[in-house]
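Q: just to be clear, the model below is a prediction. Sequence and coordinates:
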Amino acid sequence: MTGQDDGQSVDGRWGRAAVATAVVVAAVFAGQFLWTAVRPPAPPSDGMRLWQATELIVPFGVSLVLLVLWLRLRESRGLSDLGAPVRRRVRAVLGAGMLALLVLAVASVAGALAAGDDGAGGGGPTPEGATAFPGVLAVGLVLAATALQSSTEELLFRGYLLGAVRTGFGSGAAVAFSSVVFGLCHSFNSGATVVYVATTVALGALLGVVSLGRGGLWAACSFHTVWDVVQNIQADPTAPARDTGSTAVDVAVLFAIVCCVVVAVWFRRRRPAQQRPQVAR
């Protein structure tokens, strides 16, 4: 009986991980496919920030709705059941936002050192016509859209997927697996390179460690939002996607984020383990 129960337990944890992976991937790509089907053939000549926000709101709004429906109809629970409970949410959000700015600063310094004095590798000045610092209204619009996108990704990858895998395989395997799935899903982005995907995997691992801390998913959502907002605000929405391969700056940023992951894991091991979230069986 013991061997049979162990076999069923192994099959059960693999089954939960497979189902969670399928749900997350399906939710992500359903939103992207819908946006691809309904989007205009070309962006408008004006209102590029509105276009940039719409590109985030529509697909990730669909993904969030699909996750909510799956949790409610299939597993009889809600979004609040994902992740460990957090008592001090405001402090978690603010602390994770400051941590994101710190990691961004470290990555920027690493990129600047790799670029050298001549600004090669993408570290040069903003091209003429680019909107590096848009107005207050545009910032607010991008902030709201990015918060939806980042939080949806955290609920999917660090909330649902990581929680399902963690129940059967432990925290380390859950962080590693969810980070790889996170990176592979981003490999379909325009202009994605091997280094870009690897950087996304490393960032996913860092977010996974953050989500397992005292701040839970609140901290992970805050970190991810701040990270993406800074890049989206500084980005030029009219510029074409870069498809020139990886540069020394990209490799330096990857190395910096990997170092941050190592530091985060070290701090994580020094703290007591958080309670594992309950997963529907």
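A: Thanks, I have it.
Q: residue ranges for the helices of the stretch 151-281 of the chain, please.
A: 162-169, 171-186, 194-211, 216-234, 248-270 (DSSP state H, counting those that start in this stretch).
Q: now mean neighbour count and distance to Trp35 too, for those, in JSON lines please.
A: C-beta here means a position set from N, CA and C on the backbone, and glycine is covered the same way. Listed next are the helices of the stretch 151-281 of the chain as JSON lines, based on neighbours: other Cβ atoms under 10 Å; distance: least, Cβ to Cβ, whole Å:
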{"stretch": "helix 162-169", "mean neighbour count": "23", "distance to Trp35": "25"}
{"stretch": "helix 171-186", "mean neighbour count": "20", "distance to Trp35": "15"}
{"stretch": "helix 194-211", "mean neighbour count": "23", "distance to Trp35": "20"}
{"stretch": "helix 216-234", "mean neighbour count": "23", "distance to Trp35": "16"}
{"stretch": "helix 248-270", "mean neighbour count": "17", "distance to Trp35": "26"}
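Q: among those, which is nearest Val68?
A: Closest approach to Val68 among the helices of the stretch 151-281 of the chain is made by helix 216-234 (14.6 Å; Cβ to Cβ).
Q: and the angle for the closest one with helix 162-169?
A: 140 degrees (axes from the mean of the first three to the mean of the last three Cα atoms, to 10 degrees).
Q: for helix 216-234, name the packing helices and strands.
A: Counting contacts by 3 or more Cβ pairs under 8 Å, 6 or more residues apart in numbering; DSSP states H and E, helix 216-234 is packed against helix 89-115, helix 136-153, helix 194-211.
Q: run through the neighbouring helices and strands of the longest helix seen in the chain.
A: Counting residues, the longest helix found in the chain (DSSP state H) is helix 2-38. When contacts are defined as 3+ Cβ pairs under 8 Å, 6+ apart, helix 2-38 packs onto helix 48-74, helix 162-169, helix 171-186.
Q: apply 6 Å and report the result again.
A: Helices and strands touching helix 2-38, by 3 or more Cβ pairs under 6 Å, 6 or more residues apart in numbering; DSSP states H and E, are helix 48-74, helix 162-169.
Q: can you state the direction angle for that helix and helix 162-169?
A: Angle, helix 2-38 to helix 162-169, by the same axes, to 10 degrees: 160 degrees.
Q: pull the distance from helix 2-38 to the chain's centre.
A: 18 Å (Cα atoms, centre = their mean, to the nearest Å).
Q: can you check stretch 74-86 too?
A: Put simply, stretch 74-86 sits 19 Å off its chain's centre (Cα atoms, centre = their mean).
Q: buried residues in it, which are they?
A: Buried residues in stretch 74-86, counting neighbours by 16 or more other Cβ atoms under 10 Å, are found at 79, 81-84, 86.
Q: if we can go back for a sec, quick check: which of the helices of the stretch 151-281 of the chain is nearest to Gln52?
A: helix 216-234 (6.9 Å).
Q: put the alpha carbons of the closest one into PDB.
A: Output in PDB follows, covering the C-alpha atoms of helix 216-234 (Å, rounded to 0.1, in the frame of the first residue of the first chain):
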ATOM      1  CA  GLY A 216       4.700  37.500  -1.000                       C
ATOM      2  CA  LEU A 217       3.100  38.300  -4.300                       C
ATOM      3  CA  TRP A 218       2.500  41.900  -3.300                       C
ATOM      4  CA  ALA A 219       6.300  42.400  -3.300                       C
ATOM      5  CA  ALA A 220       6.800  40.500  -6.500                       C
ATOM      6  CA  CYS A 221       4.100  42.600  -8.300                       C
ATOM      7  CA  SER A 222       5.600  45.800  -7.000                       C
ATOM      8  CA  PHE A 223       9.100  44.800  -8.100                       C
ATOM      9  CA  HIS A 224       8.000  43.700 -11.500                       C
ATOM     10  CA  THR A 225       5.900  46.800 -12.000                       C
ATOM     11  CA  VAL A 226       8.600  49.300 -11.100                       C
ATOM     12  CA  TRP A 227      11.100  47.300 -13.300                       C
ATOM     13  CA  ASP A 228       8.800  47.500 -16.400                       C
ATOM     14  CA  VAL A 229       7.600  51.000 -15.800                       C
ATOM     15  CA  VAL A 230      11.100  52.500 -15.800                       C
ATOM     16  CA  GLN A 231      11.900  50.700 -19.100                       C
ATOM     17  CA  ASN A 232       8.500  51.500 -20.700                       C
ATOM     18  CA  ILE A 233       8.600  55.200 -19.900                       C
ATOM     19  CA  GLN A 234      12.100  55.600 -21.200                       C
END
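Q: great, nothing more from me.
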